[in-house]
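Asks: below: sequence and its predicted model.
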Amino acid sequence: MSRFARRPSGVPDREPARHPVGFRRGGVMVMVLACMAVATAIGMAMLRSATAGQRGLRTERHLRQVERLLVAAADLAATRQAEGGQVEGEILLESADLAGAGSARITLAADPADPRRIQVVVEHPLEGPVTVRRTRSFVLALPLSSTVSPEESLP
């Protein structure tokens with residue numbers, strides 16, 4: 001049939017305008033790729049945020065552990081001084097001693113000018129890429145004397 005031939009019903013036979021087959025498939029492909037790129041970018045941002053949050057929590061946990069170890073080391077130094085033992089020294093704590101959070105090193109050193117002043121250095125964790133190190137100085141109390149002064153015996 002020719003282009004302008006009539007159908008038996010009297011309506012001319014017209015062919016609908018068609019786009020080339022590759023045009024429609026190409027547009028859909030571009031839209032799918034754009035949506036996948038956006039979804040991948042959102043997923044990567046979420047993963048990066050979760051990783052940074054986990055790293056921050058781990059660092060905070062290490063800092064809190066170091067603060068607790070500083071206080072414990074000061075108490076240990078005071079106990080050693082009260083018992084008359086040597087205050088200075090180095091203590092290595094294994095990860096099993098610290099509930100599996102990594103090992104630690106505690107260094108106690110007395111100031112030569114003032115033996116009551118103790119410097120405590122704590123390093124934790126010794127394994128891994130980042131080690132938290134804090135230093136603090138403490139002044140220990142004077143040891144209690146066992147002799148009673150004459151003023152105390154009077155009423």
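Replies: Cool, got the structure.
Asks: show me what the helix ranked longest in the chain is packed up against.
Replies: Secondary structure of the chain per DSSP state H: the longest helix is helix 21-83. Contact here means 3 or more Cβ pairs under 8 Å, 6 or more residues apart in numbering; DSSP states H and E; on that basis helix 21-83 packs against strand 89-93, strand 104-110, strand 117-124, strand 132-139. C-betas here are computed from N, CA, C, even on glycine.
Asks: need those strands in TSV (columns: mean pLDDT and distance to residue 51).
Replies: Below are those laid out as TSV (pLDDT from 0 to 100; distance: least, Cβ to Cβ, whole Å):
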stretch	mean pLDDT	distance to residue 51
strand 89-93	90	29
strand 104-110	91	25
strand 117-124	92	22
strand 132-139	90	20
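Asks: so which of those comes closest to residue 53?
Replies: strand 132-139 (18.5 Å; Cβ to Cβ).
Asks: list the buried residues for the closest one?
Replies: Residues of strand 132-139 classed as buried under the neighbour-count rule (16 or more other Cβ atoms under 10 Å) are 132, 138.
Asks: partner strands of that strand and their direction?
Replies: The pairing partners recorded for strand 132-139 under DSSP bridges are strand 117-124 (antiparallel).
Asks: now do the buried residues in the partner strand.
Replies: Here strand 117-124 shows 118, 120, 121, 122, 123, 124 as buried, counting by 16+ other Cβ under 10 Å.
Asks: what's the answer for stretch 76-88, then?
Replies: Using 16+ other Cβ under 10 Å as the test for burial, stretch 76-88 gives 76, 77, 80, 81, 87.
Asks: CA atoms only for stretch 48-64 - export them in PDB, please.
Replies: Extracted in PDB, the C-alpha atoms of stretch 48-64 (Å, rounded to 0.1, in the frame of the first residue of the first chain):
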ATOM      1  CA  ARG A  48      33.000   7.400  55.200                       C
ATOM      2  CA  SER A  49      30.900   8.900  58.000                       C
ATOM      3  CA  ALA A  50      30.600   5.600  59.800                       C
ATOM      4  CA  THR A  51      34.300   5.000  59.600                       C
ATOM      5  CA  ALA A  52      35.200   8.400  60.900                       C
ATOM      6  CA  GLY A  53      32.700   7.900  63.800                       C
ATOM      7  CA  GLN A  54      34.200   4.600  64.700                       C
ATOM      8  CA  ARG A  55      37.700   6.100  64.700                       C
ATOM      9  CA  GLY A  56      36.600   8.900  66.900                       C
ATOM     10  CA  LEU A  57      35.000   6.500  69.400                       C
ATOM     11  CA  ARG A  58      38.200   4.400  69.500                       C
ATOM     12  CA  THR A  59      40.300   7.500  70.100                       C
ATOM     13  CA  GLU A  60      38.000   8.600  72.900                       C
ATOM     14  CA  ARG A  61      38.100   5.200  74.500                       C
ATOM     15  CA  HIS A  62      42.000   5.300  74.400                       C
ATOM     16  CA  LEU A  63      42.000   8.800  76.000                       C
ATOM     17  CA  ARG A  64      39.700   7.700  78.800                       C
END
